[in-house]
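Peer 1: what would the 3D arrangement of this be:
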Amino acid sequence: MYSSFLLAGNCGNDRLFFEKDIKLKSHTWLYLRVEFPSELTWAIDPLLQYVKEYSVW
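Peer 2: Purely as a prediction, here's the structure:
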């Protein structure tokens, strides 16, 4: 089984980010990150849900 965690926040210049980090092995990580202008949050929500629910297995 793998472990994961989510990050979200502001990356400056009115831009937001959403990231999922997944630990695959002892020293192997995979991360999915989406950065977008805050005014497009409504349009990017389906992609954010995909990243949130993403599973390696």
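
Peer 1: center of this protein, which residue is that?
Peer 2: By CA atoms, centre = their mean, the chain has its centre lying nearest to E19, at 2.1 Å.

Peer 1: pLDDT at it, what is it?
Peer 2: Here the pLDDT value assigned to E19 is 93.

Peer 1: kindly state the beta-bridge partners for it.
Peer 2: L7, R33 (DSSP bridges).

Peer 1: what residues does it make contact with?
Peer 2: L6, L7, A8, Y31, L32, R33, V34, V51 (CB atoms under 8 Å, 6 or more residues apart in numbering). In this view, the C-beta of every residue, glycine as well, is placed from N, C-alpha and C.

Peer 1: next, format those as JSON lines and append pLDDT, neighbour count and distance to D14.
Peer 2: Formatted as JSON lines, the contacts of E19 follow (pLDDT from 0 to 100; neighbours: other CB atoms under 10 Å; distance: CB to CB, whole Å):
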{"residue": "L6", "pLDDT": "93", "neighbour count": "11", "distance to D14": "21"}
{"residue": "L7", "pLDDT": "94", "neighbour count": "11", "distance to D14": "18"}
{"residue": "A8", "pLDDT": "93", "neighbour count": "12", "distance to D14": "15"}
{"residue": "Y31", "pLDDT": "92", "neighbour count": "12", "distance to D14": "23"}
{"residue": "L32", "pLDDT": "91", "neighbour count": "15", "distance to D14": "22"}
{"residue": "R33", "pLDDT": "92", "neighbour count": "12", "distance to D14": "17"}
{"residue": "V34", "pLDDT": "91", "neighbour count": "15", "distance to D14": "15"}
{"residue": "V51", "pLDDT": "82", "neighbour count": "16", "distance to D14": "21"}
